[in-house]
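Visitor: All I have is the shape, not the residue letters:
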């Protein structure tokens, strides 16, 4: 999918003849013309972001879908990663229980070895005699996400190894990963990432709706391809967000110590999405849009409510404690739910016909 998106971005830039003019063109209340303008503006506005996030994502995962150079040179693929990143080999759990040593002394020793404050602690096989504690340090504002680290034996506290300096290619890949994850960024830039991601959603959503709107003839029976595209649009644009909310609700409602909990959360998303995607077939298209948008609105608004009922880190305590991370999450869920409620209200309005004009507009080839 990422390769296809990168190809679409490159070909879209080449074929889009009015790319600069469309950045400043947005006409309101003009029917399909407004939808086309919104599609073009959202595509052009987020173009640099989408090109960056797609390419850096491909580079980050390149060893997964192009593993052949590693397989040709290493009998065990993990040996490449240990050699490239200077990290110790993974030690499997022994099955013998052993209490974990105190972490604070290990952190202080790691900060001395790494020459700066620790930013991340990773514990492998906790409660096992083969436990490993890795303490990593990241430079503030550094683009490279590959940070130096020190590893300790979690059962004895013995120093095991320190990751060395990486080669230029690995450092470049680390910068690509840093750009993709935005761990270096402050709150303002992280919100900019989020908004640019929303422009991609708007581009895809408006493009899908435009495709069906252009092919629907007043008074004519829709052909099979149009009916299929419209139902798939409903399943993706309205039902899928409700499934995403189901994932977050499952995260709060499923007991934390239940075996297979993580898989249950994922299953909750796919089952919710699939059931809603099939259930909408029993409704008329306009009714299906309104119903699924309202279900998505209720599901997203329910997340902060369930969070308040099941945890102590809900909206009011987070606000009083100055915990901006949890506060922003709850407010974002409420904003998303409100947005879907507005979409449900708009989709419930009766269709209005715009006066026909002799001059028709042409749809871009890539829409």
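Guide: Right, received. Where do you want to start? Here the structure is a predicted model, which means the values were calculated and not measured.
Visitor: Measure how buried residue 189 is and give me the count.
Guide: 11 (other C-beta atoms under 10 Å). All C-beta spots, glycine's among them, are computed from the backbone N, C-alpha and C.
Visitor: how much space between it and residue 66?
Guide: 30 Å (C-beta to C-beta, to the nearest Å).
Visitor: What of residue 109?
Guide: Using C-beta to C-beta, which is the criterion applied here, residue 109 is 39 Å from residue 66.
Visitor: Repeat that for residue 77.
Guide: Taking C-beta to C-beta, one finds residue 77 at 12 Å from residue 66.
Visitor: How about residue 166?
Guide: Where residue 66 is concerned, residue 166 sits at a distance of 20 Å (C-beta to C-beta).
Visitor: Comparing these two, which residue is more hemmed in?
Guide: Counted by other C-beta under 10 Å, residue 166 and residue 66 do not tie: residue 166 has more neighbours, with 17 against 10.
Visitor: and the nearest residue to residue 158 once chain neighbours are set aside, bridged to which residues?
Guide: Among residues not flanking residue 158 along the chain, residue 152 sits closest, at 6.5 Å (C-beta to C-beta, 6 or more residues apart in numbering). Residue 152 has the following beta-bridge partners by DSSP bridges: residue 133, residue 159.
Visitor: Residue 152 contacts residue 131, doesn't it?
Guide: No - here residue 152 does not reach residue 131: they are 9.2 Å apart, not a contact under C-beta atoms under 8 Å.
Visitor: Tell me how many other residues crowd residue 289.
Guide: 22.
Visitor: Quick one: mean pLDDT over the helix or strand containing it.
Guide: Under the criterion of DSSP states H and E, residue 289 resides in helix 285-310. For helix 285-310, mean pLDDT is 95.
Visitor: Which strands or helices does whatever helix or strand comes next after it pack on?
Guide: Heading C-terminal from helix 285-310, the first helix or strand you meet, by DSSP H and E, is helix 315-321. Applying 3 or more C-beta pairs under 8 Å, 6 or more residues apart in numbering; DSSP states H and E, we find helix 315-321 packed against helix 285-310, helix 324-347.
Visitor: so can I have TSV of these showing distance to residue 254?
Guide: Listed next are those as TSV, based on distance: least, C-beta to C-beta, whole Å:
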stretch	distance to residue 254
helix 285-310	10
helix 324-347	18
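Visitor: So for residue 205, which of the ones you listed sits nearest?
Guide: helix 324-347 (10.1 Å; C-beta to C-beta).
Visitor: packing partners for that closest one?
Guide: helix 240-253, helix 285-310, helix 315-321.
Visitor: 7 Å instead?
Guide: helix 285-310, helix 315-321 (3 or more C-beta pairs under 7 Å, 6 or more residues apart in numbering; DSSP states H and E).
Visitor: of these, which approaches residue 208 most closely?
Guide: Nearest to residue 208, of the helices and strands packed on helix 324-347 and by C-beta to C-beta, is helix 285-310 at 12.4 Å.
Visitor: Just the buried positions in that closest one, please.
Guide: Of all the residues in helix 285-310, those buried under the rule 16 or more other C-beta atoms under 10 Å are 285, 288-297, 299-308.
Visitor: any idea of the mean pLDDT in stretch 41-57?
Guide: 86.
Visitor: pLDDT weak spots in the protein?
Guide: 18-35, 86-88, 140, 164-165, 351-367 (pLDDT under 70).
Visitor: And the strands in it?
Guide: 120-124, 132-136, 149-153, 159-162 (DSSP state E).
Visitor: Same list (these) but as a markdown table, adding distance to residue 322 and mean neighbour count.
Guide: As requested, these are exported to a markdown table (distance: least, C-beta to C-beta, whole Å; neighbours: other C-beta atoms under 10 Å):
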| stretch | distance to residue 322 | mean neighbour count |
| --- | --- | --- |
| strand 120-124 | 22 | 13 |
| strand 132-136 | 26 | 21 |
| strand 149-153 | 30 | 22 |
| strand 159-162 | 35 | 15 |
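Visitor: Dump the ones you listed into a markdown table; add distance to residue 274 as well.
Guide: Compiled in a markdown table, these are given as follows (distance: least, C-beta to C-beta, whole Å):
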| stretch | distance to residue 274 |
| --- | --- |
| strand 120-124 | 35 |
| strand 132-136 | 39 |
| strand 149-153 | 41 |
| strand 159-162 | 46 |
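Visitor: nearest to residue 261, of these?
Guide: The nearest among the strands of the chain, by C-beta to C-beta, is strand 120-124 at 18.6 Å.
Visitor: check contacts around residue 294.
Guide: Neighbouring residues of residue 294 by C-beta atoms under 7 Å, 6 or more residues apart in numbering: 341, 344.
Visitor: Apply 10 Å and report the result again.
Guide: 238, 242, 340, 341, 343, 344, 345, 347, 348 (C-beta atoms under 10 Å, 6 or more residues apart in numbering).
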